[in-house]
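# This is a predicted model, with the sequence first.
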Amino acid sequence: GMVSNWTKIPPPLFKKVVIVLIDALRDDFVFGSKGKQFMPYTTQVVERGTSYSFIAEAKPPTVTMPRIKALMTGSIPGFIDVIVNLNSPALLDDNLIRQAKTAGKRIIFYGDDTWVKLFPKHFVEYDGTTSFFVSDFTEVDDNVTRHLDRVLKREDWDLLILHYLGLDHIGHMTGPNSPLVGPKLREMDNVLKKIHISLLSKEEASLPNLLVVCGDHGMSETGSHGGSSEGEVHTPLLFISSAFEKRSGPLTQPKLVQQTDLASTLAVGLGLPISRNSVGNLILPVVGGKTMREQLRFVHLNGFQLSRLLQENTPAYEKDPGYEHFKIAEKSHGNWIKLYLEGNNSEILLNLGKKVLKQYLEALKILSSSLSKQVAQYDMYSMMVGTVIIMEVLLLLLLSFPKALSSRAEFEVPLSPPLFSLLFYLMCLMLCAVHVIVCTSAESLCYFCSMSWLTAVGVMMLISALMCGILSAIAKIFENSRLPLKNPVVSSSRWSEINVLILAGTIGHVLSLGASSFIEEEHQTWYFLINTLCLALCQELCRNNFLLKEYDPQHGTTVKQNFDSIGEASECKNIDIPAGGNSKLGKASSSAEFIQRSDKWISLASPWIILICCRLLRSLNQTGVQWAHRPDFGHWLTSSEHKSELSFLAAVSLLMIFFLVQRRCSLVSKIAMALGLLGVYSYRAAIGNVVFPWQHDTKDISKGITEARFVYVFILGIVFTGTKDLLKSQVISADSSVKSTGLWEVYSGLVLLAALLFRPHNLPVLVFCLLIQTMMTKYIWRPLKFDAAQITIMHYWFGQAFFYFQGNSNGIATVDVSAGFVGLESYVEIPAIFLTAFATYAGPLLWAIHLLCYLSSEVNR
C-alpha cells in the first residue's frame, strides 16, 4: 500500500467539455438580484438543476492575461503580467491546454485573442477578437456566437473554449450599474441555454458532457478591474453536467474556492496529468459521484503533485506541516486499500474512507497555502543593485541641487576626479569580487548574474563612479563652508514657515511610502498637505498685509508695490495713462486705489476659496482602498436617473473652462477653443453620457467617432499655433511675451484634450484646477514674490492632489481604459496608450505645464 499499483492516469470522467468564460462576470451578476432578473435559465440550473456552484476567488492583479494563466496552469501569476497583459507572449509553463493537446484532444477556441497568443498552434480551429477596443459591446460577442450553431452540431472536438468580452467593455465604459448590463447578461443566458440543451441532446450513456461557466475577474463599482476589492476578485464558477445529482432542499450560499482550483479539477475531469506548477486543490463535489476508491485516488494524485512541487522549491520540505499531513493521509490510505482488497464492504470501510478523504483535503489545503506563499520569491540581488544605483543618483542630484537653484543656475557634477582616483579602482575590484561570490553561491536564478561579464563590470564601474562623485561633492561642500563669507548680512536668510512646511511635507510624504497602508491611502496625505499649505499661505498673506505695515515702516510699501506690479506681469499689453489734467489723474489714482483694495481682500480670501474647492473635489470621487466603495457625488451624477443634472454640470463646466483659459490666447485659438468645447459636449451626447435640452430619448447612441475627431482637429490646431510661437521666440526674436503666449496656447490645447478624455462628472476637476491656478498666480505667488523652488514644489503638491481628485489611486483598477479609445474606430496601440496615460496623469501634467507658463512669464525676476 506504500506505492500505488496504478501506473496509468485515471480515465476521463467527461466526454466533451465546454468552458464559457465571460470576462468581468461578477458573482452577484449570477447569484444576486441581477442573475434572477436577467439570467433566468442559469438561475434555474443553479437552484434546481444538475449543477455545482462556487464563488472562485481570483488573486490580484485582476486583469485578463494573468487570470487566464491562473485558470489554465493553476499557478499564481506575478504583477509583471499586468505589463505583459498588453502584448501576451506564448505561455511556456506546463498547462491544461498543452496537456490536452499532448493527449490528442481536439480543442476549438473563439473569443479574446489573448488565448491565441498564449497558446499558439494548440487549437485545431480558432477565431480571435481584440480585447482592447472597449467601446465595442456587440460585434466582439457576435463574432463568438456566430460559430456556435455549426460547432455544436459537429463531433470532431473534445474541448470548446468561448471567451466573451462584451460585459467587460460595458463595465469599462459605463460601470456595473449601467442599463446596458441587463441585456448583455440576458444574451449570455441565451448562449448558455443553447450550449446546455445541445450537450444534453448529444449525450451518450457511457460518458456525460460538462459545461463550465466562469469569469476571469469581476469589476469594481466604477467598472474597472485590476485591484483587490471584493467585486473584482469574486467570480462565479458553475459546473453543469447530467453526471451530478439534481439540486434539492433549501438554497445555500455558494462555497468559496480558489480560481487556481479549476486547472486540477479539469485535469482530473479530462483524464490528464495535473499541471506541474499548479497550486490548486481538486474541487471534490465534481468527482463526488464516483466510488470511494476513485475519489481517494484523485485526491492522492493531487496531493502527490503538490508535495513534489514543494520538494522542488523548499530544501526543508519534510518539516512542512502540509507534507507531514499528506504522509499521514497516505499511510491511512494504504491501510484502507488493504481492508478494501480483503473484500470488506461494511459501513466501517466507508466511514474510514471518509476519514482518509478528510485527512487528504486538510493536507491539500495546507500544501496549497504554503506553496502560494512561496510564489512571491524575488530576485533580491538584482533589486538591491538597482536600488543602490537609484539612491546614488538621487544623492548626487540632492548635493547638486543648491547650486542649480542659485541665481547663476549652475548644475555641476564632478566626474573627472573620481574616475582617476585610487578609491574608484578599489571599489570596482571589491564589487566585482562580491558579484562573483553572490553569483556562484546563488541557488535560484538571478537576472543580474545571467548578464554578460562585460555588462556586469560596466554596472560595477557605474556604481563606483557615482559613489566617488558623491564623496567629492560632499568634500567640495565642506571646503566651501570653511571659506569666510564675502557678505554675511546678505547671505543669512531666515527660514519662513512656508519653507519649513514645504520641506517637512515633501520629506514626510516620501517617508510615508515605507508603509503599504499609506500607499493605499496616499490621497489622504496629499489632501492634508495642500490644506495645511493653504492655511500657511493665509497666515503669510495676513502678515504681509497687516503686521508688516504696523510694525515695520520700511516694509510698509512691499505689498502695495507687489499689487502694483500684478497688472503689468499678468497682462502682455501695458496701458499707459496719459497725463491730461489733474481731474483725470485723480480719477485714475482713486480707481487704482479701489482696485488695489479689492485685490487685497480677494488675496486674503483666496486660500479659503481654494480650501472650499478642494473640499468639494474630495466628495466628487472616493478613492484609495478602505473607503473606495462608499457612495460619492460622482456615483450620484453617473446614475441613469440624474442624466439631466450631469448634463447641466458638464455644460457649465465647459463654459467655465473656456472663460478661464481664453484670457491669454490669440483670437484664432479662442474660436478654436470654443468650437472644441462644443464638440466635447456633442461627443458626450453622442455616446449617451449627457443630453441636449431638445433631446427626449437617447436611443440613437453611437461611438461618437466623428465628434471626437472634430475636437482632435482643434486640439492639434491650438497646439500647432502655440508650438509655432515657441519656435518663433527661440529662432527669430527673443521676445519673452511671444514665448509666454506660445506656452499658454500649448497648455490650453492640452486642457481641451483633457476635457474630451475626462468623463463628464470629472469636468469640475478641470474647472477647479484652472480656477486654483488663476487665483494662486494672481493673488498669492506674485504678491508674496515666492522664489522658483517654492513655486515648483507647490505645483508638484497640487499636481499630486489633482491626480487623486480625478478618482485615481495607486491601484490599477482606477485606470480609465475607455479614454484610450475616444475617436478610434479600431484598436491602435500607440494612440490608445498615449490617450490612456494622458487621461490618467492629466492632473500632474497640467500643473507641470502651468509651472513652465508661470516661470516663463516672470522674465523680470
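In hand now; what should we look at?
# what about Tyr110, which SS state?
For Tyr110, the secondary structure call by DSSP: H, G, I helix; E, B strand; the rest coil comes out as strand.
# Lys290 too?
Of the three states, Lys290 takes coil under three-state DSSP.
# helix or strand right after the host helix or strand of Asn335?
Following DSSP states H and E, one finds Asn335 within helix 321-341. Toward the C-terminal end, the helix or strand that comes next after helix 321-341 (DSSP H and E) is helix 347-374.
# Sticking with Asp127, tell me its helix or strand.
Counting by DSSP H and E, Asp127 is part of strand 125-129.
# likewise Thr235?
Using DSSP H and E, Thr235 sits in strand 234-240.
# Tell me the strands beside that strand, with direction?
Sheet pairing for strand 234-240, assigned by DSSP bridges, gives strand 51-57 (antiparallel), strand 210-214 (antiparallel).
# mind putting those in a markdown table, distance to Asn810, mean neighbour count and mean pLDDT included?
Quick note: C-beta positions are derived from backbone N, CA and C, even for glycine. Shown next, in a markdown table, are the strands paired with strand 234-240 (distance: least, Cβ to Cβ, whole Å; neighbours: other Cβ atoms under 10 Å; pLDDT from 0 to 100):
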| stretch | distance to Asn810 | mean neighbour count | mean pLDDT |
| --- | --- | --- | --- |
| strand 51-57 | 22 | 21 | 95 |
| strand 210-214 | 29 | 24 | 97 |
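# now the strands: where do they sit in the stretch 51-200 of the chain?
Along the stretch 51-200 of the chain, the stretches classed as strands by DSSP state E, counting those that start in this stretch are 51-57, 107-112, 125-129, 159-164.
# closest to Val822 out of the ones you listed?
Distance to Val822, taken as Cβ to Cβ, is lowest for strand 125-129 among the strands of the stretch 51-200 of the chain, at 20.7 Å.
# Neighbouring strands of that closest one in the sheet, and parallel or not?
strand 107-112 (parallel).
# ok, residues contacting the strand it pairs with?
Residues from elsewhere that reach strand 107-112 (Cβ atoms under 8 Å, 6 or more residues apart in numbering): 21, 23, 64, 97, 100-101, 115-116, 119, 122-129, 131, 143-144, 147, 151, 157-165.
# Return the distance of that strand from the chain's centre.
28 Å (Cα atoms, centre = their mean, to the nearest Å).
# Dump it to CSV, restricted to CA.
C-alpha atoms of strand 107-112 as CSV (Å, rounded to 0.1, in the frame of the first residue of the first chain):
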residue,chain,number,x,y,z
ILE,A,107,-9.5,22.0,-28.9
ILE,A,108,-11.6,24.8,-30.5
PHE,A,109,-11.4,28.4,-29.4
TYR,A,110,-13.4,31.5,-30.1
GLY,A,111,-13.0,34.9,-28.3
ASP,A,112,-10.3,37.1,-26.8
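# In the stretch 701-850 of the chain, where is pLDDT below threshold?
734 (pLDDT under 70).
# same thing with the chain?
Short version for the chain, where the test is pLDDT under 70: 1-7, 78-88, 132-135, 375-377, 404-420, 443-445, 484-494, 548-595, 696-700, 734.
# try it again with 50
Residues of the chain meeting the criterion pLDDT under 50: 1, 488-493, 550-561, 564, 566-581, 584-585.
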